[in-house]
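here is my input, please return the structure:
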Amino acid sequence: MKNIYIIFFAIAILISVYFAGVAYLSFIDENMDKVYLNVGYCALFLSGAIYTLHLNEQKTNN
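Down below sits the predicted model:
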């Protein structure tokens, strides 16, 4: 339970990389609607990953 934030961070990064890859493949196929959708999901999971690092830092400081 001690490293739960790091585990969530790693999972969020992996999901974000997946959506970035799907966005790239959609870009190659010139399907811009899917590109924008997957870039949005990528940004969502990246921001979640950064927030979990913030929570981890806040927990260790308190």
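
tell me what the helix or strand Leu44 falls within is packed against?
In this structure, Leu44 sits in helix 32-61 according to DSSP states H and E. Contact analysis of helix 32-61 by 3 or more Cβ pairs under 8 Å, 6 or more residues apart in numbering; DSSP states H and E lists helix 4-28 as its packing neighbours. The way it works is simple: take the backbone N, C-alpha and C, and place the C-beta from them, glycine included.

what's the angle from the helix it packs on to helix 32-61?
If you take axes from the mean of the first three to the mean of the last three Cα atoms, to 10 degrees, helix 4-28 sits at 160 degrees to helix 32-61.

show me what helix 4-28 is packed up against.
helix 32-61.

run the chain-centre distance for the helix it packs on.
4 Å (Cα atoms, centre = their mean, to the nearest Å).

tell me the average confidence for that helix?
Per-region confidence: helix 32-61 scores 94 on mean pLDDT.

equivalent analysis for stretch 9-26, please.
For stretch 9-26, the mean per-residue pLDDT is 96.

chain center to it: distance?
7 Å.

got the contact list for that stretch?
The set of residues external to stretch 9-26 that reach it, using Cβ atoms under 8 Å, 6 or more residues apart in numbering, is 32, 34-35, 38-39, 41-42, 45-46, 48-49, 52-53, 56.

which two of the residues you listed have the greatest separation?
Between all members of the contacts of stretch 9-26, the longest pairwise span (Cβ to Cβ) is found for Met32 and Asn56 and amounts to 36.2 Å.
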